[in-house]
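S.K.: coordinates for the following, if possible.
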Amino acid sequence: VQEQPVAVVVPPVYTWPVKGDIVSPFSLEVLAYDETMGDWRTHNGTDFTCDEGDDVLAVLDGVVAEIYTDAMMGQCLRLDHGAQLESLYCGVLPQDGLRVGSAVAAGQIIGRVGNDVLAESAQECHLHLEMTDEGVAVDPLIILK
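M.R.: You can find the predicted model right below:
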């Protein structure tokens, strides 16, 4: 009798993107006042306090899907974590050598905090993190806990 190998399921490792407190939480159901735009709106990400130049870490293993500059959200980096889970970091200067298709590990430095998020410029320096699951915005804190 031959024994079948047992598949070992390793739970994913999640990490916070920066060392900082939450300055603006995720809010798709309740409108939050936006100091920069001077109106009430939803907030499809979570903003973490930090200093310009702080390391930005991958929250989960993944592959760099996109690196681009948005007029309102600054330099952005999107990671594909598989199973239709993605993370988007706004206001980040990508790490040298990081390219679309680069594999990254949870906790790996993927860039440094910039200070170019015009849409949230009334706030102190921060990192804006969005996450989507099957294309739907989800609260990053639910995933990171």
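S.K.: surely Ala119 is in a strand?
M.R.: No. Applying DSSP: H, G, I helix; E, B strand; the rest coil, one finds Ala119 to be helix, outside a strand.
S.K.: which non-adjacent residue is nearest it?
M.R.: Spatial nearest neighbour of Ala119, chain neighbours left out: Met72 (3.9 Å); criterion: Cβ to Cβ, 6 or more residues apart in numbering. In this view, the C-beta of every residue, glycine as well, is placed from N, C-alpha and C.
S.K.: contacts for stretch 79-89?
M.R.: 17, 45, 56, 58-65, 76-78, 104, 110-111, 127-135, 140, 143 (Cβ atoms under 8 Å, 6 or more residues apart in numbering).
S.K.: any regions of this structure where pLDDT drops low?
M.R.: 1 (pLDDT under 70).
S.K.: make it 80
M.R.: For the chain, applying pLDDT under 80 flags the ranges 1-2, 6-11, 32, 34, 36-37, 118-119, 121-122, 145.
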